[in-house]
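Chemist: Give me the fold of what follows.
(one chain, ligands or ions: 2)
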Amino acid sequence: MATEPTKIVQTEFTNSNLEVLFSAEEIQNRVKELGAEIARDYAGKKLILVGVLKGSCVFLSDLMRAIDLPLEIDFMAVSSYGKATKSSGAVQILKDLSEDVLNQDIIVVEDIVDTGLTLSYLFENLRVRGANSVKLAALLDKPEPRIKRDLRIDYCGFQVPNKFVVGYGLDAAERWRNLPFIAVVKNPGEI
Ligand code: IMP
Ligand code: MG
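Modeler: Ligands and ions are numbered 1, 2, ... in the order given. Purely as a prediction, here's the structure:
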């Protein structure tokens, strides 16, 4: 009896259009290091982590559990790319903070810094509201397309090449946020 050729089943996590850049384990190790660094820097202070929705949700949930200090979390949602894969530069607040940030020490938690336009706007906005200090934790730094060159990433996970990346919260047209790893989309036209 002839045997059927083995069918390779492609799942969401093993999609052939994805090339793994950082594994789940590599990310966990790096996030733990960042958490320990933040815990050292903010010992004795009252820290608020401000997650930028939606992309930072996975990073924030791991990072907060790696910071052994009393802290609070809050969220903002700003529009930057919409569903396109190119930055428009236009920033709009879609969801604002639920608490006052006057005199507070804040770390903005972001998934990736690309042009830096979104974060520059956000930083200015938080300073105007009277935050005592505003620092930035970004899981990924894509330095090549940067327009706001003076934007400082205080706690950075990894640098990435100038390619579109997805997973661990990052999306392409709302897909791939649930990947446990970070991957390059090999052919963005095929999404
Ligand atoms: P910026 O204002 O250009 O720095 O845009 C930052 C935002 O664009 C990030 O918070 C992401 O939501 C999105 N973004 C930039 N590059 C990528 C990418 O490679 N994959 C997924 N989202 C990205
Ligand atoms: Mg984002």
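
Chemist: Was I right to think residue 161 contacts residue 144?
Modeler: Yes. If you go by CB atoms under 8 Å, residue 161 and residue 144 touch, sitting 7.5 Å apart. Every C-beta, even on glycine, is put in place using the N, C-alpha and C of the backbone.

Chemist: Thought residue 171 was touching residue 58, still the case?
Modeler: No. In this structure residue 58 lies outside contact range of residue 171 using CB under 8 Å: 10.8 Å.

Chemist: Compare the two and say which is more crowded by neighbours.
Modeler: Higher neighbour count among residue 58 and residue 171: residue 58, with 22 against 17, using other CB atoms under 10 Å.

Chemist: helices or strands next to the helix or strand containing residue 109 in the packing?
Modeler: Per DSSP states H and E: residue 109 is located in strand 105-113. Applying 3 or more CB pairs under 8 Å, 6 or more residues apart in numbering; DSSP states H and E, one finds that strand 105-113 makes contact with strand 47-53, helix 57-64, helix 117-128, strand 133-141.

Chemist: Compute the inter-axis angle for the third one and strand 133-141.
Modeler: In other words, helix 117-128. Going by axes from the mean of the first three to the mean of the last three CA atoms, to 10 degrees, helix 117-128 is angled at 170 degrees with respect to strand 133-141.

Chemist: now do the first one
Modeler: Taking the same axes, to 10 degrees, strand 47-53 and strand 133-141 form an angle of 50 degrees between their directions.

Chemist: so what's the backbone phi/psi at the residue in the chain that ligand 2 sits nearest to?
Modeler: The nearest approach of the chain to ligand 2 comes at residue 55, 3.5 Å away (CB to the ion). The phi/psi pair for residue 55 (degrees, to the nearest 10) reads phi -60, psi -30.

Chemist: Tell me how many other residues crowd the closest residue to it other than its chain neighbours.
Modeler: The shortest distance from residue 55 to any non-neighbouring residue, by CB to CB, 6 or more residues apart in numbering, is to residue 111 (3.5 Å). A count of nearby residues for residue 111, using other CB under 10 Å, gives 26.

Chemist: show me what contacts residue 111?
Modeler: Neighbour list for residue 111: 52, 55-56, 59, 138-140, 168-170 [criterion: CB atoms under 8 Å, 6 or more residues apart in numbering].

Chemist: Check residue 137 too.
Modeler: Going by CB under 8 Å, 6+ apart, the list of residues near residue 137 reads 34, 38, 49, 63, 107-110, 153-156.

Chemist: For it, which non-adjacent residue is spatially closest?
Modeler: Nearest to residue 137 is residue 155, by CB to CB, 6+ apart, at 3.9 Å.

Chemist: in the longest helix along the chain, what's buried?
Modeler: Secondary structure assigned by DSSP state H gives helix 24-41 as the longest helix of the chain. Of all the residues in helix 24-41, those buried under the rule 16 or more other CB atoms under 10 Å are 27, 30-31, 34-35, 38, 41.

Chemist: Now do the same for the spatially most central residue of the chain: its pLDDT.
Modeler: The centroid of the chain falls nearest to residue 111 when counting by CA atoms, centre = their mean (0.8 Å). For residue 111, the pLDDT comes out at 97.
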